[in-house]
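Trainee: whatever this is, show me its structure:
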Amino acid sequence: MTVVLVVLATLPLAVAVATFVAPFRLSRWLTVASGAASLALALLLVPAVTRGAVSGAGFLRVDALGEVFLLATSALYALTALYAVGYFAAEGRAARAGGPDAARAFHRYSARFYAGFNVFAWSMICAPLVNGLALLWIAVEITTVVSALLVALDNTDGAAEAAWKYVLIASSGLGIALLATIVLYYAGTTVLGGSYDLAFEPLLRAAPRMPATPVRLAFVLAVVGYGTKVGLFPVHTWLPDAHAEAPTPVSTLLSGALLATSFYAVLRFFQISVAALGPAFPQVVLLVFGVLSLLLAALYLFDQHHVKRMLAYSSIEHMGILAIGVGFGAPLALAGVLLHVIGHALAKGAAFMGAGVLVHAFGTKELRRMRGGMDVLPWSGPLFLLAIFALCAMPPFSIFRSEFEIVLGGFQAGRGVGASILVALVTFAFFGLSLAATRVLFQPAPAGSALPRRHEPSPIMVVPVLLAIVMLAWLGIHPPAMLTDLLAAGAAQLGAGR
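Mentor: Below you'll find the predicted structure:
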């Protein structure tokens, strides 16, 4: 298994170097192969990590908790890499029609995209693979640098402003997260001595003997710091702008994978805090941040005019659900949270990819100018509707299953008020999302306005959305026993603090 860990930790980076110098046609298929191989290798690890942590190369380690996030990231990497083939085929046709100069500019643009895209995926794959809070912070910091460059890739005023805002807020948050790491290191010195490497297992073993006050401070700082990248209220303000301005494949990874990767960092601090303090304090902190984030997102979803900003606020909603689920603390709720991580990655990926097709077809990101989507897009219209249904926790999709487990776990844990608030706010958000989707897909165009011709911008853009929807239904109806065992093992780690 050491070889698997090493290949996972190096393959996307090697492909990023190759795509920067390779011809465009080769770059896109190298990226597709890298995404598929990363997903296959992540799946190969599942049986081993369900039985216990797998380590290798001195600094690599993955356990059941990390494997859940590795699966979510690698699955979305594979799907988005395939989607990008169709996305850039449509872009390339427009560039070639603009003449030789436009074609050369497009090839330079695509080379930067594929290099950055693969480095971005590499950094998010490395985050659950590295062993230690310091290395985890470095991995999340790399995701910030690379994703900020990708947000600005289109070189428009809006993209530059969104990237600058993202860098300022996320860097401030990661500075707070670094302070959290330092404070927790100080707490560990009282048990482990003046010099150690912040690896997870020694910290978890030493946690019951650590002083309570610095551990509490470290956890709150970690929630605020990494919560900036998660999109938790009130440090979420970069997220809608970045999602709106980034190229669609980048928005897909930002929402489905980056936010979850940052939440994984919060969960590592949560494990140590539970082991040191007991569950009450860290659970209450996450409940407060989760409820406020969910409330904010539910309100904003009713007043959105931009399709990608709407999906960005939906991401804030689902990160709030994750925080609330962990705050409930019941084993069923924790298993639901981990299933929700995978389900959200697939559903939000499908929704953003579908939104990208809508933008291609209508030539705008404004919701009020998108009408009659079902008539214009024979495949992508229905698939976008299914993706919205999945995000709204409609059966039979996996988010319905995961949210049901989270709510039921909340009642089991004696947090009936919190569970009821969760149900009410999720229902409120459902109406906001479904209302916007209904207008885009079913409302006819205004009198005198002509619809775009009925066609799909690229058949390849349809395939990954369809695959994501099928996987969501599969995980909702009958998840495989191997995944169920993995989720139970990850939930046990969170509940036991080890």
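Trainee: skip ahead from the host helix or strand of residue 341 and say which helix or strand is next.
Mentor: In this structure, residue 341 is located in helix 331-362 according to DSSP states H and E. Note on helix 331-362: by DSSP H and E, the next helix or strand toward the C-terminus is helix 373-376.
Trainee: tabulate the CA atom coordinates of that next one in PDB.
Mentor: In PDB, the C-alpha atoms belonging to helix 373-376 read as follows (Å, rounded to 0.1, in the frame of the first residue of the first chain):
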ATOM      1  CA  GLY A 373     -33.800  25.300 -20.500                       C
ATOM      2  CA  MET A 374     -35.700  22.000 -21.000                       C
ATOM      3  CA  ASP A 375     -36.500  23.000 -24.600                       C
ATOM      4  CA  VAL A 376     -32.900  24.100 -25.400                       C
END
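Trainee: just checking, what packs against that helix?
Mentor: helix 331-362, helix 380-391, helix 416-442 (3 or more Cβ pairs under 8 Å, 6 or more residues apart in numbering; DSSP states H and E). (C-beta placed from N, C-alpha, C; glycine too.)
Trainee: recalculate using a threshold of 7 Å.
Mentor: helix 380-391, helix 416-442 (3 or more Cβ pairs under 7 Å, 6 or more residues apart in numbering; DSSP states H and E).
Trainee: can I see the domain layout of this protein?
Mentor: Following automatic domain parsing, one finds the domains of the chain at 1-129, 132-276, 279-498.
Trainee: export these to a markdown table and tack on mean neighbour count and mean pLDDT?
Mentor: Below are those laid out as a markdown table (neighbours: other Cβ atoms under 10 Å; pLDDT from 0 to 100):
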| stretch | mean neighbour count | mean pLDDT |
| --- | --- | --- |
| domain 1-129 | 20 | 91 |
| domain 132-276 | 21 | 94 |
| domain 279-498 | 21 | 92 |
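Trainee: where do the strands sit along this structure?
Mentor: Under the criterion DSSP state E, the chain carries strands at the ranges 54-56, 60-62.
Trainee: neighbouring strands - and their directions - for the first one?
Mentor: I take that to be strand 54-56. strand 60-62 (antiparallel) (DSSP bridges).
Trainee: ok now the partner strand, how far from the chain's centre?
Mentor: 20 Å (Cα atoms, centre = their mean, to the nearest Å).
Trainee: let me see the residues that make contact with it.
Mentor: Residues from elsewhere that reach strand 60-62 (Cβ atoms under 7 Å, 6 or more residues apart in numbering): 5, 9, 45, 49, 53, 54, 55, 70, 128, 129, 130, 131.
Trainee: wait, what's in contact with residue 319?
Mentor: 230, 231, 232, 259, 263, 293.
Trainee: closest to residue 472 out of the strands of the chain?
Mentor: Comparing the strands of the chain by their distance to residue 472 (Cβ to Cβ), the top pick is strand 60-62, with 24.2 Å.
Trainee: now the helix holding residue 341 against helix 380-391, angle please.
Mentor: Relative orientation of helix 331-362 versus helix 380-391 (axes from the mean of the first three to the mean of the last three Cα atoms, to 10 degrees): 160 degrees.
Trainee: which secondary structure elements does helix 331-362 sit against?
Mentor: In terms of contacts (3+ Cβ pairs under 7 Å, 6+ apart), helix 331-362 is packed against helix 64-97, helix 248-253, helix 307-328, helix 380-391, helix 398-412, helix 459-477, helix 481-496.
Trainee: quick one, the first one and helix 331-362 angle?
Mentor: Going back to what we said before, that points to helix 64-97. Taking the same axes, to 10 degrees, helix 64-97 and helix 331-362 form an angle of 0 degrees between their directions.
Trainee: give me the angle between helix 64-97 and helix 459-477.
Mentor: Angle of helix 64-97 versus helix 459-477, following the same axes, to 10 degrees, is 160 degrees.
Trainee: which elements pack onto helix 64-97?
Mentor: For helix 64-97, the helices and strands in contact under the criterion 3+ Cβ pairs under 7 Å, 6+ apart are helix 24-51, helix 100-126, helix 248-253, helix 259-277, helix 331-362, helix 459-477, helix 481-496.
Trainee: now the shortest one
Mentor: In this structure, helix 248-253 makes packing contacts with helix 64-97, helix 100-126, helix 331-362, judged by 3+ Cβ pairs under 7 Å, 6+ apart.
Trainee: output that helix as CSV, nothing but the C-alphas.
Mentor: Extracted in CSV, the C-alpha atoms of helix 248-253 (Å, rounded to 0.1, in the frame of the first residue of the first chain):
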residue,chain,number,x,y,z
THR,A,248,-16.7,26.2,-14.5
PRO,A,249,-14.3,23.2,-13.9
VAL,A,250,-12.5,25.2,-11.3
SER,A,251,-15.8,26.2,-9.6
THR,A,252,-16.7,22.5,-9.5
LEU,A,253,-13.5,21.6,-7.6
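Trainee: what's next to that helix, contact-wise?
Mentor: Against helix 248-253 from outside (Cβ under 7 Å, 6+ apart): 76, 80, 83-84, 87, 117, 120-121, 150-151, 243, 308, 349, 352-353, 355-356.
Trainee: so residue 406 makes contact with residue 336?
Mentor: Yes - contact criterion Cβ atoms under 7 Å: residue 406 and residue 336 qualify, at 4.1 Å.
Trainee: give me the common contacts of the two.
Mentor: Jointly contacting residue 406 and residue 336 under the rule Cβ under 7 Å, 6+ apart are residue 325.
Trainee: out of the helices and strands packed on helix 373-376, nearest to residue 201?
Mentor: Closest to residue 201 of the helices and strands packed on helix 373-376 is helix 416-442 (Cβ to Cβ; 31.7 Å).
Trainee: could you give the angle of that closest one to helix 307-328?
Mentor: Using the same axes, to 10 degrees: helix 416-442 against helix 307-328 is 160 degrees.
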